[in-house]
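*Asks:* After the sequence you'll find the predicted model.
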Amino acid sequence: MARLTRKKKEALAKIEKGKLYSIAEASALVKDITNAKFDASVDLAVRLGVDPRKANQMVRGVVTLPHGTGKDVKVLALVTPDKEAEAKEAGADYVGLDEYLDKIKGGWTDVDVIITMPSVMGKLGPLGRILGPRGLMPNPKTGTVTMDVAKAVNDVKSGKIDFKVDKTGIVHASIGKASFDAEKIAGNANELLQTLMKLKPTAAKGTYVKSIFMSSTMSPSVAVDTKNWSVK
């Protein structure tokens, strides 16, 4: 078993054993116990009472975090020439089509999000084995396959994220940076949790939200009260 560092011990000492914190309390505490020398990401892990193996219990969606993610999201817009100016003006980092399809075929995936048009999806199909495992394949359900390219780029740049329950029933999402004010972290967490509540499958039985944990990169997790998390 790995030995705990002094900083890790100090962080753990600030977390009251067995206590379930409100989102506001957890946000302030995670900021307090983060000792990374870089601007650490703040993450939320929500265990849901669903069986992801069943199609009618799959939980996935998108949410626009009101205070953004704090990340410089690199966007590739795969569009036809008539949409290039629109994509560039909206702030896409890379804009084009065939040249980028060739780069992806060669293994290039140095982007965070790919946005494209319905008419281009046929060309992306053969690249699924490259893009799929990296979570980069555009999807109409997440708003990344659309004719309104400018809106899609703006949404992603302003804090729109997509999420999906994993095979163990947990939704993992980055909700900001440790440099954010605690109120902004709490506001983003609240927005994600409210979205998850709206997406509760009708087939899900019993307790829907089983546990919520907030943490930052390299920090211990803080347990959030699943019955009293809402930010008033």
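*Replies:* Cool, got the structure.
*Asks:* drop to CA atoms for contacts and neighbour counts, all remaining ones
*Replies:* Will do.
*Asks:* and the residue nearest the centre of the chain, which of the three is it?
*Replies:* Geometric centre of the chain, nearest residue: residue 173, 3.9 Å, by CA atoms, centre = their mean. Secondary structure, DSSP: H, G, I helix; E, B strand; the rest coil: residue 173 is strand.
*Asks:* who's in contact with it?
*Replies:* Contacts here follow CA atoms under 8 Å, 6 or more residues apart in numbering; on that basis residue 173 touches 43-45, 163.
*Asks:* try 10 Å
*Replies:* Neighbouring residues of residue 173 by CA atoms under 10 Å, 6 or more residues apart in numbering: 42-46, 161-164, 189, 192, 214.
*Asks:* Let me know the pLDDT of residue 104.
*Replies:* Here the pLDDT value assigned to residue 104 is 95.
*Asks:* Next one: it from residue 65, what distance?
*Replies:* Relative to residue 65, residue 104 is positioned 29 Å away (CA to CA, to the nearest Å).
*Asks:* Thought residue 153 was touching residue 113, still the case?
*Replies:* Yes. Assessed by CA atoms under 10 Å, residue 113 is found in contact with residue 153 at 9.2 Å.
*Asks:* And the two? Which one has more around it.
*Replies:* residue 153 (29 against 21; other CA atoms under 10 Å).
*Asks:* Can you give me the buried ones in the host helix or strand of residue 47?
*Replies:* Following DSSP states H and E, one finds residue 47 within strand 41-48. Residues of strand 41-48 classed as buried: 41-48 (neighbour count, 16 or more other CA atoms under 10 Å).
*Asks:* In terms of secondary structure, what does it contact?
*Replies:* helix 23-33, strand 170-177, helix 182-198, strand 209-216, strand 222-224 (3 or more CA pairs under 10 Å, 6 or more residues apart in numbering; DSSP states H and E).
*Asks:* what's the model's confidence in the last one, averaged?
*Replies:* The average pLDDT within strand 222-224 is 94.
*Asks:* For it, which outside residues touch it?
*Replies:* 12, 15-27, 29-30, 44-46, 211-216.
*Asks:* can you map out the helices along this protein?
*Replies:* Taking DSSP state H to define them, one finds helices in the chain at 6-13, 23-33, 81-90, 98-105, 121-124, 128-131, 149-157, 182-198.
*Asks:* Next, work out how far apart residue 71 and residue 28 are.
*Replies:* The span separating residue 71 from residue 28 equals 20 Å under the rule CA to CA.
*Asks:* Compare these two and say which is more crowded by neighbours.
*Replies:* residue 28 (16 against 13).
*Asks:* got the contact list for the residue nearest to the more buried one when sequence neighbours are not counted?
*Replies:* Nearest non-adjacent residue to residue 28, counting by CA to CA, 6 or more residues apart in numbering: residue 182, 5.0 Å away. If a contact means CA under 10 Å, 6+ apart, then residue 182 has 23-32 as its contacts.
*Asks:* pLDDT-wise, which helix or strand of the chain ranks last?
*Replies:* Across the helices and strands of the chain, mean confidence by mean pLDDT, DSSP states H and E is lowest for helix 6-13: a mean of 80.
*Asks:* Mind listing what's buried along that one?
*Replies:* Using 16+ other CA under 10 Å as the test for burial, helix 6-13 gives 8, 11-12.
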